[in-house]
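Q: Predicted model and sequence below, questions to follow.
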Amino acid sequence: METILQYIPAVLSAILLAVLILMVITNIIVEVVKKLTWDKVPTNLLAFIVAMAVTLLAFFAVCRILAVPIVWYMVAAAIGLGFFVAFAAMFGWDKFRQMLEQITRLESRGK
């Protein structure tokens, strides 16, 4: 007898992979659009809007490709996923860059 607990690891890994891919796409689009707007739009707002648009477009495309009927709670989950993508796009790259700078400073002190 199968239970829902058996599918949790596979679903979580798929969600994390989706967040990673959507975050990279969001970062690329934000960098291109930021250059075009000449910093007239706050970057965090731009990242949030792009993350929501990319996430919802990906959600509707996957539902269309897999012929899954769209239900309201699935759209709500996609919006929630969009918040995670926006957060990762806004803060993930900056924290990663900050971590790399700290590592290079520690390595230069050791020499």
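A: Arrived safely, thanks for sending.

Q: Give me the number of neighbouring residues for N27.
A: 19 (other CB atoms under 10 Å). No exception for glycine: its C-beta is placed from N, CA and C like everyone else's.

Q: my bad, should have said V32
A: With other CB under 10 Å as criterion, V32 counts 11.

Q: Likewise for V54?
A: 22.

Q: what do you get for I28?
A: Neighbours of I28 under the rule other CB under 10 Å: 13.

Q: how about the helices in the chain?
A: In the chain, the segments counted as helices under DSSP state H are 8-37, 43-66, 72-87, 93-110.

Q: Any idea which of the ones you listed has the lowest pLDDT on average?
A: Mean pLDDT is lowest for helix 93-110 among the helices of the chain, at a mean of 77.

Q: in that helix, what counts as buried?
A: W93 (16 or more other CB atoms under 10 Å).

Q: cool, and stretch 9-20?
A: A18, V19.

Q: sorry, back to before: do you know which of the helices of the chain lies nearest E2?
A: helix 8-37 (12.2 Å; CB to CB).

Q: how far out from the middle of the chain is that closest one?
A: Here helix 8-37 is found 3 Å from its chain centre; the criterion is CA atoms, centre = their mean, to the nearest Å.
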